[in-house]
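Asks: Just a sequence and a predicted model for now, questions to come.
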Amino acid sequence: MSLLFKNHFHLARDYIRHHRSRSILTCIGIAVGVASIILILSLMGSISNLIKSEIKTESSNLIVVRPSNSKPLTDSIIEELISTSSYTKSNLSLNDVDIISAIQNVQSVAPVAISVASLKGAGSLDSAPVLATTPDFQALENLTLEAGVFLNNSNSENTGVIGHDLATRLFGTLAPIGQTVSLFGENVLIVGVLTEQNLPMNFNNIDLDSALIVNTTFFTRHNISLQIQQINIKVAESYSIGATAENIKDKLLETKHGENNFSVLYGDQITHPAGSLLSTITGILSLVAGISLIVGGIGVMNIMLVSVAERSHEIGVRKAVGASNQNILLEFLLESLILCFIGGIMGLALGYTLAFFVSLVTPFAPFISPEIVGITFLTTFIVGIFFGLYPALKAARKSPIFSLQTYH
């Protein structure tokens, strides 16, 4: 049986070699579809790893509280897609921050309230992210400063810390200490510049390199609506993080009169706040890429049908000397699988090459995993079987007499 299989494999391989040009074109059709899927999975895997590694770097004793709702997952995803913010509408408040601060084992607490506003310094921007938080945010995020100091209790309420990229865009320099930014009609004195973070995707959902950080009191003093999208908490003893998280949940439920409209997360539960949206986008993009793979599969079917028509006489001769329908079926299926397998290897190489070039202009390094490689070859195997089965059956069912008559 193994000898027969080997013989079929060599016959299929030799036929592909004999028609090298059209075989390569067929493989390219498969490669484009596979490369698209590889690129998408690699980028999304890189984003996920970036966020997970950041959380591990921050600390193993980090708890995050986020707003949530009781809506079905589909409705929540639709809301995320049409909303200008990737957060659920917030039901968290500064009062919640004070309650959490008083809980045993809680070391530091920092709210994360993000808005978009126009900024004017030496230059101006129509929209830039503004993060309202407290001095504890620096310790929670292990932030370092290029120059100056972070927010602290001795600072004026009208002080701010500026991100690395925003400093360059607004002032044309990385040393804007002492200069002011106009925010909501008020001048904010720049007292610090963050070291470059290079983390556009993180569990806080804000690119700190492009943000202005101010104290929450700036918003409250100017009667500006403050919507807290997240509360970051650092616990003193990591071994009791689970018990502390439950304690936080119980206290907030008590304050909110049993309304469970928030989530308390820690460990691997902490991901990007718009995680369901990212998963949905990944699925949609993979579906689009899958369509190109189907087009490539149709190309395989087309070339296989041409192969069956060209080899009618060969099929007739082989059947006349004792080849069974199963033998013919196996040979043509192997030919289809070889084409798809070659296309899969080409697509794997092309996909990761594209991912590498993307990594040159983004912080998302190519993400290589056995799962992605496994998905690649499983997909090509399914495509090879699915689109090669009909031509193989057509070849196997050919009448030897009719096939011999078609020879010219």
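Replies: In hand now; what should we look at?

Asks: what about Trp349, how many neighbours?
Replies: If you look again at residue 349, you'll see it is Ala, not Trp. By the criterion of other CB atoms under 10 Å, Ala349 has 14 neighbours. Glycine gets a C-beta too; all of them are placed from N, C-alpha and C.

Asks: Surely it is in a strand?
Replies: No: membership of Ala349 in a strand is not supported by DSSP: H, G, I helix; E, B strand; the rest coil, which gives helix.

Asks: mind checking how far it is from Thr379?
Replies: 15 Å (CB to CB, to the nearest Å).

Asks: Check Val295 too.
Replies: 14 Å.

Asks: neighbour count winner among these two?
Replies: The neighbour comparison of Val295 against Thr379 (other CB under 10 Å) goes to Thr379, with 20 against 13.

Asks: where's whichever strand or helix holds that one relative to the chain centroid, distance-wise?
Replies: Using DSSP states H and E, the element containing Thr379 is helix 370-396. What separates the centre of helix 370-396 from the centre of its chain is 27 Å, taken as CA atoms, centre = their mean, to the nearest Å.

Asks: OK, contacts around Gln179?
Replies: Residues near Gln179 by CB atoms under 8 Å, 6 or more residues apart in numbering: Gly121, Ala122, Phe171, Leu189, Ile190.

Asks: Looking at those, which are in helices?
Replies: If you go by DSSP state H, the contacts of Gln179 have Phe171 in helices.

Asks: Apply the buried test to the contacts of Gln179 and list what passes.
Replies: Buried members of the contacts of Gln179, scored by 16 or more other CB atoms under 10 Å, are Gly121, Phe171, Ile190.

Asks: quick one: which of the residues you listed is nearest Ile99?
Replies: Distances from Ile99 to those, taken as CB to CB, are shortest for Ile190 (32.4 Å).

Asks: correct me, but that closest one touches Leu174?
Replies: No: contact criterion CB atoms under 8 Å: Ile190 and Leu174 do not qualify, at 11.3 Å.

Asks: Need the contact partners of stretch 388-396.
Replies: Residues outside stretch 388-396 that contact it (CB under 8 Å, 6+ apart): 300-301, 304-305, 307-308, 311, 315, 325-326, 328-333, 335-337, 340.

Asks: immediately after the longest helix seen in the chain, which helix or strand?
Replies: Longest helix in the chain, counting residues (DSSP H): helix 20-58. Proceeding N to C from helix 20-58, the next assigned helix or strand is strand 62-67, under DSSP H and E.

Asks: coming back round to it: return the angle between stretch directions for the longest helix of the chain and helix 370-396.
Replies: Orientation of helix 20-58 against helix 370-396 (axes from the mean of the first three to the mean of the last three CA atoms, to 10 degrees) gives an angle of 160 degrees.

Asks: name the helices or strands packed onto helix 20-58?
Replies: On a contact count with 3 or more CB pairs under 8 Å, 6 or more residues apart in numbering; DSSP states H and E, helix 20-58 meets helix 275-310, helix 325-361, helix 370-396.

Asks: For Gly178, find the nearest of these.
Replies: Gly178 sits nearest to helix 325-361 of all the helices and strands packed on helix 20-58, at 33.6 Å, using CB to CB.

Asks: and stretch 98-105, how far from the chain's centre?
Replies: Distance, centroid of stretch 98-105 to centroid of chain: 34 Å (CA atoms, centre = their mean).

Asks: what's in contact with it?
Replies: 65, 106, 109, 231, 233, 235-237, 240, 243-244, 247-248, 251-252, 255.

Asks: Turn the buried ones among these into a named ChimeraX selection, would you?
Replies: Selection of buried members from the contacts of stretch 98-105 for ChimeraX, criterion 16+ other CB under 10 Å:
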select :65,106,109,231,233,235,244,247,248,252
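
Asks: For the contacts of stretch 98-105, work out which two are farthest apart.
Replies: Spatially, the most separated pair among those is Glu237 and Thr255, at 23.8 Å (CB to CB).

Asks: Find the nearest non-adjacent residue to Ala117, please.
Replies: Closest residue to Ala117 apart from its sequence neighbours, by CB to CB, 6 or more residues apart in numbering: Val130 at 5.1 Å.

Asks: Using the three-state scheme, assign the residue nearest to Gly45 when sequence neighbours are not counted.
Replies: Nearest non-adjacent residue to Gly45, counting by CB to CB, 6+ apart: Phe367, 3.4 Å away. Reducing the assignment at Phe367 to three states with three-state DSSP gives coil.

Asks: So Phe367 is in contact with Leu39, correct?
Replies: No: using CB under 8 Å as the test, Phe367 is too far from Leu39 to be in contact (10.5 Å).

Asks: tell me, what's touching the two both at once?
Replies: Joint contacts of Phe367 and Leu39 (CB under 8 Å, 6+ apart) are Ala355.

Asks: which secondary element of this structure has the worst mean pLDDT?
Replies: Within the chain, confidence by mean pLDDT, DSSP states H and E is lowest for helix 73-82 among all helices and strands, at a mean of 46.

Asks: ok, then the element right after that helix?
Replies: Per DSSP H and E, helix 73-82 leads on to helix 94-101 as the next helix or strand towards the C-terminus.

Asks: Give the residue spans of the stretch 251-400 of the chain that score low on pLDDT.
Replies: Along the stretch 251-400 of the chain, the parts satisfying pLDDT under 70 run over 271-279.

Asks: all helices of the stretch 151-300 of the chain, in order?
Replies: Using DSSP state H, counting those that start in this stretch, the helices of the stretch 151-300 of the chain run over 164-171, 216-221, 241-255, 275-310.

Asks: now those helices as a markdown table including distance to Glu196?
Replies: Formatted as a markdown table, the helices of the stretch 151-300 of the chain follow (distance: least, CB to CB, whole Å):
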| stretch | distance to Glu196 |
| --- | --- |
| helix 164-171 | 4 |
| helix 216-221 | 25 |
| helix 241-255 | 30 |
| helix 275-310 | 24 |
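
Asks: Mind checking the ones you listed for the one nearest to Asn198?
Replies: Per CB to CB, nearest to Asn198 of these: helix 164-171, 8.7 Å.

Asks: same for the closest one, what does it pack against?
Replies: Contact partners of helix 164-171 among helices and strands, from 3+ CB pairs under 8 Å, 6+ apart: strand 124-133, strand 186-194.
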